[in-house]
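>>> any chance you could fold what I've pasted below:
(one chain, ligands or ions: 1)
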Amino acid sequence: MPAKIIDGVKVAAGIRVECKARVKALAADHGVTPGLAVIVVGNDPASRVYIRNKMRACADVGIRSFQHEFPVDVDQNIVLDLIARLNLDTDVHGILVQLPLPAHFNIRQILAEISADKDVDGFHLYNVGGLVIGDTVFPPCTPYGVVKLLEHEGISVEGKNVVVVGASNIVGKPMALMLMEREATVCICHAKTRDLAQFTILADILVVAAGQPNLIRPEMVRTGAVVIDVGINRLPDGKLVGDVDFEGVKTKASYITPVPGGVGPMTVTMLLVNTILSAERRALGHTRFPERTAGAA
Ligand code: NAD
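Residues are numbered from 1 along each chain as shown. Got it, this is the predicted structure:
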(Lines give C-alpha, C1' and ligand atoms only; values in the text may rest on other atoms or scores of the structure.)
Protein backbone atom coordinates (compact mmCIF):
# COMPACT_ATOMS: atom_id res chain seq x y z
CA MET A 1 0.00 0.00 0.00
CA PRO A 2 1.46 3.43 -0.85
CA ALA A 3 2.45 5.69 2.02
CA LYS A 4 0.16 8.24 3.58
CA ILE A 5 1.41 11.62 2.43
CA ILE A 6 1.71 13.96 5.40
CA ASP A 7 0.22 17.31 4.44
CA GLY A 8 2.43 19.90 6.15
CA VAL A 9 0.42 22.79 4.73
CA LYS A 10 -2.75 21.50 6.39
CA VAL A 11 -1.11 20.72 9.74
CA ALA A 12 0.57 24.15 9.71
CA ALA A 13 -2.76 25.85 8.93
CA GLY A 14 -4.32 24.21 12.00
CA ILE A 15 -1.48 25.45 14.23
CA ARG A 16 -1.79 28.94 12.73
CA VAL A 17 -5.46 29.06 13.75
CA GLU A 18 -4.28 28.42 17.34
CA CYS A 19 -1.62 31.12 16.86
CA LYS A 20 -4.26 33.68 15.90
CA ALA A 21 -6.27 32.87 19.01
CA ARG A 22 -3.18 33.26 21.23
CA VAL A 23 -2.33 36.60 19.61
CA LYS A 24 -5.89 37.83 20.24
CA ALA A 25 -5.73 36.69 23.86
CA LEU A 26 -2.43 38.54 24.37
CA ALA A 27 -3.99 41.74 23.05
CA ALA A 28 -7.15 41.32 25.15
CA ASP A 29 -5.47 40.27 28.41
CA HIS A 30 -2.22 42.22 28.32
CA GLY A 31 -2.49 44.83 25.55
CA VAL A 32 0.51 43.18 23.85
CA THR A 33 1.13 42.47 20.17
CA PRO A 34 3.94 39.97 19.53
CA GLY A 35 6.78 41.42 17.44
CA LEU A 36 9.51 39.70 15.43
CA ALA A 37 12.65 41.52 14.26
CA VAL A 38 14.29 40.02 11.19
CA ILE A 39 17.87 40.89 10.27
CA VAL A 40 18.98 40.26 6.70
CA VAL A 41 22.51 40.82 5.43
CA GLY A 42 23.17 40.79 1.68
CA ASN A 43 20.97 39.86 -1.22
CA ASP A 44 20.86 36.06 -1.34
CA PRO A 45 17.76 35.24 -3.45
CA ALA A 46 16.83 32.13 -1.41
CA SER A 47 17.08 34.12 1.84
CA ARG A 48 14.81 36.80 0.33
CA VAL A 49 12.14 34.18 -0.40
CA TYR A 50 12.39 32.73 3.13
CA ILE A 51 12.16 36.21 4.68
CA ARG A 52 9.16 37.14 2.57
CA ASN A 53 7.39 33.92 3.62
CA LYS A 54 8.17 34.50 7.29
CA MET A 55 6.93 38.10 7.26
CA ARG A 56 3.78 37.15 5.40
CA ALA A 57 3.13 34.35 7.90
CA CYS A 58 3.59 36.83 10.78
CA ALA A 59 1.08 39.25 9.27
CA ASP A 60 -1.36 36.39 8.72
CA VAL A 61 -1.59 35.58 12.45
CA GLY A 62 -1.27 39.17 13.75
CA ILE A 63 2.44 39.25 14.69
CA ARG A 64 4.20 42.52 13.85
CA SER A 65 7.46 42.09 11.97
CA PHE A 66 10.31 44.55 11.66
CA GLN A 67 12.80 44.00 8.86
CA HIS A 68 16.37 45.29 9.16
CA GLU A 69 18.41 45.07 5.97
CA PHE A 70 22.14 45.52 5.52
CA PRO A 71 24.44 45.43 2.49
CA VAL A 72 26.65 42.35 2.15
CA ASP A 73 29.81 44.25 3.21
CA VAL A 74 28.35 45.74 6.43
CA ASP A 75 30.63 45.80 9.47
CA GLN A 76 29.62 43.04 11.90
CA ASN A 77 29.72 45.52 14.81
CA ILE A 78 26.85 47.48 13.28
CA VAL A 79 24.73 44.34 13.32
CA LEU A 80 25.84 43.53 16.89
CA ASP A 81 24.80 47.05 17.98
CA LEU A 82 21.39 46.61 16.38
CA ILE A 83 20.90 43.28 18.19
CA ALA A 84 21.82 44.95 21.49
CA ARG A 85 19.14 47.60 20.86
CA LEU A 86 16.55 45.02 19.83
CA ASN A 87 17.27 43.06 23.01
CA LEU A 88 15.96 46.08 24.95
CA ASP A 89 13.08 46.96 22.64
CA THR A 90 9.84 46.00 24.38
CA ASP A 91 7.96 45.83 21.05
CA VAL A 92 10.28 43.03 19.93
CA HIS A 93 9.75 39.53 21.34
CA GLY A 94 11.77 37.57 18.82
CA ILE A 95 15.03 38.32 16.99
CA LEU A 96 15.93 36.32 13.93
CA VAL A 97 19.15 36.64 11.95
CA GLN A 98 18.67 35.10 8.53
CA LEU A 99 21.43 32.57 7.79
CA PRO A 100 23.74 32.15 5.99
CA LEU A 101 25.69 35.31 6.81
CA PRO A 102 28.57 36.62 4.66
CA ALA A 103 31.98 35.00 5.27
CA HIS A 104 33.40 37.95 7.28
CA PHE A 105 30.77 37.42 10.01
CA ASN A 106 31.42 35.37 13.13
CA ILE A 107 28.07 33.59 13.34
CA ARG A 108 28.63 32.33 16.88
CA GLN A 109 29.27 35.87 18.11
CA ILE A 110 26.13 37.13 16.38
CA LEU A 111 23.94 34.37 17.78
CA ALA A 112 25.42 34.80 21.27
CA GLU A 113 24.46 38.49 21.25
CA ILE A 114 20.75 37.72 20.85
CA SER A 115 19.05 37.63 24.25
CA ALA A 116 18.19 34.01 25.07
CA ASP A 117 14.71 35.33 25.96
CA LYS A 118 14.20 36.52 22.36
CA ASP A 119 16.03 33.67 20.64
CA VAL A 120 12.99 32.36 18.73
CA ASP A 121 15.21 30.41 16.31
CA GLY A 122 16.61 28.48 19.28
CA PHE A 123 20.26 28.89 18.23
CA HIS A 124 21.62 30.69 21.33
CA LEU A 125 23.94 28.49 23.39
CA TYR A 126 21.57 28.76 26.37
CA ASN A 127 18.71 27.26 24.38
CA VAL A 128 21.00 24.71 22.72
CA GLY A 129 22.17 23.65 26.20
CA GLY A 130 18.54 23.52 27.30
CA LEU A 131 17.86 21.16 24.43
CA VAL A 132 20.61 18.83 25.64
CA ILE A 133 19.02 18.53 29.09
CA GLY A 134 15.44 18.51 27.78
CA ASP A 135 14.56 21.97 29.08
CA THR A 136 14.90 24.42 26.21
CA VAL A 137 12.72 27.53 26.01
CA PHE A 138 12.68 27.79 22.22
CA PRO A 139 13.16 24.55 20.28
CA PRO A 140 14.73 25.19 16.84
CA CYS A 141 11.93 25.62 14.32
CA THR A 142 12.64 22.90 11.75
CA PRO A 143 13.08 19.92 14.10
CA TYR A 144 10.24 21.32 16.25
CA GLY A 145 8.06 21.26 13.12
CA VAL A 146 9.02 17.63 12.47
CA VAL A 147 8.07 16.66 16.03
CA LYS A 148 4.71 18.42 15.62
CA LEU A 149 4.07 16.61 12.32
CA LEU A 150 4.76 13.24 13.95
CA GLU A 151 2.51 14.14 16.90
CA HIS A 152 -0.26 15.25 14.57
CA GLU A 153 -0.16 11.93 12.71
CA GLY A 154 -0.20 10.04 16.03
CA ILE A 155 3.23 8.51 15.32
CA SER A 156 4.89 7.65 18.62
CA VAL A 157 8.69 7.82 18.66
CA GLU A 158 9.18 6.13 22.03
CA GLY A 159 11.35 3.02 21.66
CA LYS A 160 11.53 3.42 17.88
CA ASN A 161 14.70 3.22 15.82
CA VAL A 162 15.15 6.70 14.43
CA VAL A 163 17.86 7.48 11.92
CA VAL A 164 18.67 11.14 11.27
CA VAL A 165 20.67 11.76 8.09
CA GLY A 166 22.46 15.11 8.45
CA ALA A 167 24.19 16.47 11.53
CA SER A 168 24.02 20.25 11.16
CA ASN A 169 23.57 22.53 14.16
CA ILE A 170 20.25 23.83 12.86
CA VAL A 171 18.55 20.59 11.81
CA GLY A 172 20.27 17.23 12.31
CA LYS A 173 21.77 17.62 15.80
CA PRO A 174 18.75 19.28 17.47
CA MET A 175 16.47 16.80 15.70
CA ALA A 176 18.41 13.91 17.19
CA LEU A 177 18.31 15.49 20.67
CA MET A 178 14.57 16.13 20.52
CA LEU A 179 13.84 12.55 19.46
CA MET A 180 16.21 11.13 22.07
CA GLU A 181 14.38 13.23 24.69
CA ARG A 182 11.20 11.46 23.53
CA GLU A 183 12.92 8.12 24.17
CA ALA A 184 13.66 7.05 20.62
CA THR A 185 16.85 5.11 19.88
CA VAL A 186 18.64 7.60 17.69
CA CYS A 187 21.41 7.13 15.14
CA ILE A 188 22.93 10.15 13.39
CA CYS A 189 24.53 9.83 9.96
CA HIS A 190 26.46 12.46 8.00
CA ALA A 191 28.59 12.95 4.92
CA LYS A 192 31.42 10.81 6.34
CA THR A 193 29.15 7.88 7.28
CA ARG A 194 30.31 4.72 5.49
CA ASP A 195 27.56 2.75 3.77
CA LEU A 196 24.61 4.97 4.66
CA ALA A 197 22.10 2.28 3.65
CA GLN A 198 23.16 -0.11 6.43
CA PHE A 199 21.86 2.50 8.92
CA THR A 200 18.82 3.83 7.05
CA ILE A 201 17.42 0.34 6.46
CA LEU A 202 17.08 -0.10 10.26
CA ALA A 203 14.96 3.02 10.68
CA ASP A 204 11.37 2.87 11.87
CA ILE A 205 11.48 6.64 11.39
CA LEU A 206 13.93 8.15 8.93
CA VAL A 207 14.54 11.92 9.01
CA VAL A 208 16.66 13.20 6.15
CA ALA A 209 18.28 16.64 6.17
CA ALA A 210 21.38 16.43 3.99
CA GLY A 211 20.68 18.76 1.07
CA GLN A 212 21.33 16.01 -1.53
CA PRO A 213 18.60 15.25 -4.06
CA ASN A 214 17.77 11.54 -4.42
CA LEU A 215 20.08 10.57 -1.56
CA ILE A 216 17.50 8.14 -0.17
CA ARG A 217 16.35 5.49 -2.62
CA PRO A 218 13.70 2.81 -2.03
CA GLU A 219 16.21 0.02 -1.35
CA MET A 220 17.58 2.06 1.59
CA VAL A 221 14.20 2.21 3.34
CA ARG A 222 12.55 -0.48 5.47
CA THR A 223 9.03 -1.44 4.36
CA GLY A 224 6.56 0.48 6.51
CA ALA A 225 9.04 3.12 7.70
CA VAL A 226 8.00 6.74 8.35
CA VAL A 227 10.07 9.01 6.10
CA ILE A 228 10.44 12.71 6.86
CA ASP A 229 12.21 14.66 4.13
CA VAL A 230 13.62 17.96 5.40
CA GLY A 231 15.81 18.62 2.35
CA ILE A 232 15.07 21.47 -0.04
CA ASN A 233 17.03 21.36 -3.27
CA ARG A 234 16.52 23.35 -6.44
CA LEU A 235 17.29 21.30 -9.56
CA PRO A 236 18.80 22.93 -12.68
CA ASP A 237 15.32 22.91 -14.29
CA GLY A 238 14.03 25.02 -11.37
CA LYS A 239 12.06 22.20 -9.72
CA LEU A 240 12.14 21.96 -5.90
CA VAL A 241 12.85 18.49 -4.51
CA GLY A 242 13.82 16.98 -1.19
CA ASP A 243 16.56 14.47 -0.38
CA VAL A 244 14.33 11.44 -0.87
CA ASP A 245 13.32 9.75 -4.13
CA PHE A 246 9.68 10.53 -3.33
CA GLU A 247 8.01 8.46 -6.06
CA GLY A 248 10.13 5.39 -5.33
CA VAL A 249 10.11 5.58 -1.53
CA LYS A 250 6.38 6.27 -1.18
CA THR A 251 5.67 2.73 -2.42
CA LYS A 252 7.56 1.30 0.60
CA ALA A 253 7.02 3.79 3.42
CA SER A 254 3.93 3.97 5.67
CA TYR A 255 4.11 7.79 5.89
CA ILE A 256 6.12 10.28 3.86
CA THR A 257 6.41 14.07 3.67
CA PRO A 258 6.41 15.75 0.25
CA VAL A 259 8.72 18.57 -0.86
CA PRO A 260 7.40 21.19 -1.12
CA GLY A 261 4.46 21.05 1.29
CA GLY A 262 5.88 18.87 4.07
CA VAL A 263 8.34 20.18 6.65
CA GLY A 264 8.81 23.64 5.06
CA PRO A 265 5.45 25.17 6.10
CA MET A 266 5.94 23.75 9.60
CA THR A 267 9.30 25.51 10.03
CA VAL A 268 7.77 28.93 9.44
CA THR A 269 4.81 28.08 11.65
CA MET A 270 7.00 27.04 14.59
CA LEU A 271 8.76 30.41 14.31
CA LEU A 272 5.36 32.02 14.87
CA VAL A 273 4.70 29.70 17.83
CA ASN A 274 8.06 30.58 19.41
CA THR A 275 7.49 34.33 18.90
CA ILE A 276 4.05 34.16 20.51
CA LEU A 277 5.46 32.09 23.38
CA SER A 278 8.13 34.73 23.91
CA ALA A 279 5.50 37.49 24.09
CA GLU A 280 3.41 35.40 26.51
CA ARG A 281 6.44 34.77 28.74
CA ARG A 282 7.24 38.47 28.81
CA ALA A 283 3.63 39.40 29.56
CA LEU A 284 3.72 37.00 32.52
CA GLY A 285 7.17 38.15 33.66
CA HIS A 286 8.76 34.77 32.94
CA THR A 287 11.94 35.94 31.26
CA ARG A 288 15.15 34.28 32.45
CA PHE A 289 17.74 36.99 32.06
CA PRO A 290 17.94 40.55 33.37
CA GLU A 291 18.15 42.96 30.46
CA ARG A 292 21.55 44.27 29.47
CA THR A 293 22.17 47.85 28.58
CA ALA A 294 22.96 48.40 24.89
CA GLY A 295 26.72 48.27 24.36
CA ALA A 296 27.45 46.96 27.89
CA ALA A 297 29.94 44.10 28.15
P1 NAD B 1 24.06 21.59 6.12
O2 NAD B 1 24.73 21.65 4.79
O3 NAD B 1 24.44 22.53 7.19
O4 NAD B 1 24.25 20.11 6.69
C5 NAD B 1 24.07 18.99 5.89
C6 NAD B 1 24.33 17.75 6.70
O7 NAD B 1 24.10 16.61 5.85
C8 NAD B 1 25.78 17.63 7.18
O9 NAD B 1 25.82 17.08 8.48
C10 NAD B 1 26.42 16.67 6.19
O11 NAD B 1 27.48 15.91 6.77
C12 NAD B 1 25.22 15.78 5.83
N13 NAD B 1 25.36 15.20 4.50
C14 NAD B 1 25.67 15.85 3.36
N15 NAD B 1 25.77 14.95 2.33
C16 NAD B 1 25.51 13.74 2.87
C17 NAD B 1 25.48 12.43 2.32
N18 NAD B 1 25.74 12.20 1.04
N19 NAD B 1 25.18 11.41 3.16
C20 NAD B 1 24.92 11.63 4.46
N21 NAD B 1 24.94 12.85 5.03
C22 NAD B 1 25.24 13.89 4.23
O23 NAD B 1 22.51 21.66 5.78
P24 NAD B 1 21.24 22.02 6.74
O25 NAD B 1 21.20 23.46 6.97
O26 NAD B 1 21.18 21.07 7.88
O27 NAD B 1 20.06 21.66 5.72
C28 NAD B 1 19.91 20.35 5.21
C29 NAD B 1 18.82 20.37 4.16
O30 NAD B 1 17.60 20.74 4.76
C31 NAD B 1 19.04 21.39 3.04
O32 NAD B 1 18.49 20.87 1.85
C33 NAD B 1 18.24 22.59 3.49
O34 NAD B 1 17.81 23.38 2.40
C35 NAD B 1 17.08 21.89 4.14
N36 NAD B 1 16.39 22.68 5.16
C37 NAD B 1 15.05 22.67 5.10
C38 NAD B 1 14.32 23.34 6.05
C39 NAD B 1 12.84 23.27 5.99
O40 NAD B 1 12.18 24.09 6.58
N41 NAD B 1 12.27 22.27 5.32
C42 NAD B 1 14.97 24.07 7.06
C43 NAD B 1 16.37 24.04 7.11
C44 NAD B 1 17.08 23.33 6.16
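>>> so residue 196 sits against residue 220, correct?
Yes. Under the criterion of CB atoms under 8 Å, residue 196 makes contact with residue 220 at 6.9 Å. The way it works is simple: take the backbone N, C-alpha and C, and place the C-beta from them, glycine included.
>>> helices of the stretch 51-200 of the chain, residue ranges please.
Along the stretch 51-200 of the chain, counting by DSSP state H, counting those that start in this stretch, helices occupy 76-88, 107-113, 125-132, 141-152, 172-181, 196-200.
>>> tabulate these (JSON lines), appending mean pLDDT and mean neighbour count.
As requested, the helices of the stretch 51-200 of the chain are exported to JSON lines (pLDDT from 0 to 100; neighbours: other CB atoms under 10 Å):
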{"stretch": "helix 76-88", "mean pLDDT": "98", "mean neighbour count": "16"}
{"stretch": "helix 107-113", "mean pLDDT": "96", "mean neighbour count": "16"}
{"stretch": "helix 125-132", "mean pLDDT": "95", "mean neighbour count": "17"}
{"stretch": "helix 141-152", "mean pLDDT": "98", "mean neighbour count": "23"}
{"stretch": "helix 172-181", "mean pLDDT": "98", "mean neighbour count": "22"}
{"stretch": "helix 196-200", "mean pLDDT": "98", "mean neighbour count": "17"}
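>>> now distance to residue 275 too, for those helices, in JSON lines please.
Output for the helices of the stretch 51-200 of the chain, formatted as JSON lines (distance: least, CB to CB, whole Å):
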{"stretch": "helix 76-88", "distance to residue 275": "13"}
{"stretch": "helix 107-113", "distance to residue 275": "17"}
{"stretch": "helix 125-132", "distance to residue 275": "14"}
{"stretch": "helix 141-152", "distance to residue 275": "10"}
{"stretch": "helix 172-181", "distance to residue 275": "18"}
{"stretch": "helix 196-200", "distance to residue 275": "35"}
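>>> closest one to the ligand among those?
Of all these, helix 141-152 sits nearest to the ligand, with 4.1 Å by CB to the nearest ligand atom.
>>> per-residue confidence for the closest residue in space to residue 202 that isn't next to it in sequence?
Nearest residue to residue 202, sequence neighbours excluded (CB to CB, 6 or more residues apart in numbering): residue 161, at 5.3 Å. As predicted, residue 161 sits at a pLDDT of 98.
>>> quick one: low-confidence parts of the chain?
Scanning the chain with the threshold set as pLDDT under 70 gives 289-297.
>>> which residue ranges of it form strands?
Taking DSSP state E as the test, the strands found in the chain are 4-5, 35-41, 64-70, 94-97, 161-165, 185-189, 205-208, 226-229, 233-234, 240-241, 255-256.
>>> and the first one, how far out from the chain middle?
Translated: strand 4-5. Relative to its chain's centre, strand 4-5 lies at 22 Å (CA atoms, centre = their mean, to the nearest Å).
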